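1. predicted model and sequence follow; I will ask about them next.
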Amino acid sequence: MTNLDHAYAVILAGGKGERFWPLSTSRSPKQLLSLVSERTMLGMAVDRLEGLIPPERVIVLTSADLVEPTVASVPDLPAANIIGEPMGRDTAAAVALGCAIVKARDPEGVFCILTADHVIGDIEVFRRTLREGIDLAAGQDVLVTIGIQPTFPATGYGYIESGNAVEHAGETTFLQAKRFVEKPPRATAEQYLASGAFAWNSGMFIWSCTSVQAAFGKYRPQLSELIDTLAPSVDSPGFADALRAVFEPLEKISIDYALMENADNIVMARGTFAWDDVGSWPALANHFPADDEGNTSIGDVVPLDANNNLVFSNGRLTALIGVSDLVVVQAEGATLICPRDRAQDVKALVNELKARGSFDELL
């Protein structure tokens, strides 16, 4: 049985969710929305840890201006475990911050890096994967990443190429991670799927404080220094000031670029549970029923001679006539209409609206 006495979870919840505009805004981003259930996305992420990691050892990292609504979204967690980053410095800095907090509270800590805005099914398989990954990370100097068994040639995900099996008791398959690769073109994604040696990069990790700090020391010394500098002030009145002082000069860099594309002690846990990063509006069609014409309707929607549309109508009626393959969203005083295959461009639209400076109340 895995000893979970030193197990922690750090949930990254600082994203802006711009591809879900106009429902997702800077004041109420994707992770604080109830997109696929009555629970917020963040609330679902916390619920998945029940029976594995107790609430007092679940830490949520968000942005400083979202601390209050984040606390309200997960009332079962101690308010002191909701930490606001003073400015965005990407995921490598967030991991270092999480390590500083866990190390200050438990020098023997092993922690999972989890996401606040993904949908995960087969919860018992997910928990077993975390449990066995925690056991491996507690006993060996390894950086564990979770790779999702691909089901189609996705071009919107990064991939992990795996190698030889790593011996470990349990049901989860662990493999040496050979390399991380960026989002591929369609033909390459098809090759990856056919080979059986590639998994989707889920952005979830498990490691001990000791191992991840050692990796930072080798590849990003500034982040190792952050851990040592910040840990003594964790849970003290001076923590917010100390956090701002160390965060401000940091470079923006992801954990993939900072560590995972460089380290040679990475082990991939094969994730066989259902997983969806719900990256844009069309992804909601995977979680709601469609009518006979392929329309997925959320809210009050009436389609007439329309097919294969995704419609979200918040608090009003939306009617469609003779249109196909659209995303239509009515929310927060704004209307979005775009082809389904252009939904990824919503983020670019948000940037355009910001540049115009006339729609701040909708962003």
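-> Thanks, I have the structure now.
2. alpha carbons only for contacts and neighbour counts from here, please
-> Noted.
3. C-alpha coordinates for the helix or strand hosting V302, CSV please?
-> Using DSSP states H and E, V302 falls within strand 296-304. C-alpha atoms of strand 296-304 as CSV (Å, rounded to 0.1, in the frame of the first residue of the first chain):
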residue,chain,number,x,y,z
THR,A,296,-25.2,20.3,-29.5
SER,A,297,-27.4,22.8,-27.6
ILE,A,298,-26.7,24.2,-24.1
GLY,A,299,-29.4,26.4,-22.8
ASP,A,300,-32.5,27.6,-24.7
VAL,A,301,-31.8,26.9,-28.4
VAL,A,302,-34.2,26.2,-31.3
PRO,A,303,-32.5,25.0,-34.6
LEU,A,304,-34.5,24.8,-37.9
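4. pretty sure T91 is in contact with I255, am I right?
-> Yes: because the distance of 5.3 Å satisfies CA atoms under 8 Å, T91 is recorded as touching I255.
5. returning to that earlier point: quick one: buried residues of the next helix or strand after the strand holding V302?
-> Next helix or strand after strand 296-304 toward the C-terminus (DSSP H and E): strand 310-321. Buried residues in strand 310-321, counted by 16 or more other CA atoms under 10 Å: L310, V311, F312, S313, N314, T318, L320.
6. and after strand 310-321, which helix or strand comes next?
-> Following strand 310-321 in sequence, per DSSP H and E, is strand 326-331.
7. sheet partners, orientation included, of the next helix or strand after that next one?
-> Scanning forward in sequence from strand 326-331 by DSSP H and E, the next helix or strand is strand 334-339. Sheet pairing here is set by DSSP bridges, and for strand 334-339 it gives strand 326-331 (antiparallel).
8. thinking again about what came up before, using TSV, lay out the buried residues of strand 310-321 together with pLDDT and distance to L353.
-> Shown next, in TSV, are these (pLDDT from 0 to 100; distance: CA to CA, whole Å):
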residue	pLDDT	distance to L353
L310	97	23
V311	97	22
F312	95	21
S313	93	21
N314	83	21
T318	96	24
L320	97	26
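9. from the residues you listed, which is closest to G196?
-> G196 lies nearest to L310 out of the buried residues of strand 310-321, by CA to CA, at 32.3 Å.
10. the closest one and K30, how far apart?
-> Noted for L310: a distance of 17 Å to K30, by CA to CA, to the nearest Å.
11. next one: M260
-> Relative to K30, and taking CA to CA, M260 is found at 26 Å.
12. surely S162 is in contact with A197?
-> Yes: shown here, S162 and A197 form a contact pair, counting by CA under 8 Å, at 5.5 Å.
13. identify the contacts common to these two.
-> Residues touching both S162 and A197 by CA atoms under 8 Å, 6 or more residues apart in numbering: none at all.
14. any stretches of the stretch 1-150 of the chain with poor pLDDT?
-> Along the stretch 1-150 of the chain, the parts satisfying pLDDT under 70 run over 1-2.
15. ok so, going back, and the angle for the strand holding V302 with strand 326-331?
-> 110 degrees (axes from the mean of the first three to the mean of the last three CA atoms, to 10 degrees).
16. which parts of strand 296-304 are buried?
-> So, applying 16+ other CA under 10 Å, buried residues of strand 296-304: T296, S297, I298, V301, P303.
17. centre of the chain to that strand, how far?
-> On the basis of CA atoms, centre = their mean, to the nearest Å, strand 296-304 is displaced by 29 Å from the centre of the chain it belongs to.
18. quickly find the element holding A194.
-> helix 186-195.
19. buried set for that helix?
-> For helix 186-195, by 16+ other CA under 10 Å, it's A189, Y192, L193.
20. closest one to A215 out of those, please.
-> Nearest to A215 among the buried residues of helix 186-195, with distances taken as CA to CA, is Y192, at 28.1 Å.
21. for the closest one, what are its contacts?
-> P153, F198.
22. what's near enough to touch the closest residue to F152 other than its chain neighbours?
-> Sequence neighbours aside, L193 is the residue nearest to F152 in space, at 6.9 Å (criterion: CA to CA, 6 or more residues apart in numbering). By CA under 8 Å, 6+ apart, the contact list for L193 reads P150, T151, F152, P153.
23. got a pLDDT number for the third one?
-> Going back to what we said before, that points to F152. On the pLDDT scale, F152 is placed at 91.
24. what about it, which SS state?
-> coil (DSSP: H, G, I helix; E, B strand; the rest coil).
25. ok, it to A199 distance?
-> Counting by CA to CA - F152 and A199 are separated by 11 Å.
26. quick one, grab the pLDDT at N309.
-> Predicted confidence (pLDDT) for N309: 97.
27. let me see the contact set for it.
-> G294, N295, T296, V323, S324, D325, L326, V327, V328, R340.
28. which residues does the second one contact?
-> This points to N295. N295 touches P303, A306, N307, N308, N309, L310, V311, counting by CA under 8 Å, 6+ apart.
29. what would those residues look like in JSON lines with distance to G217?
-> As requested, the contacts of N295 are exported to JSON lines (distance: CA to CA, whole Å):
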{"residue": "P303", "distance to G217": "58"}
{"residue": "A306", "distance to G217": "57"}
{"residue": "N307", "distance to G217": "54"}
{"residue": "N308", "distance to G217": "51"}
{"residue": "N309", "distance to G217": "50"}
{"residue": "L310", "distance to G217": "47"}
{"residue": "V311", "distance to G217": "48"}
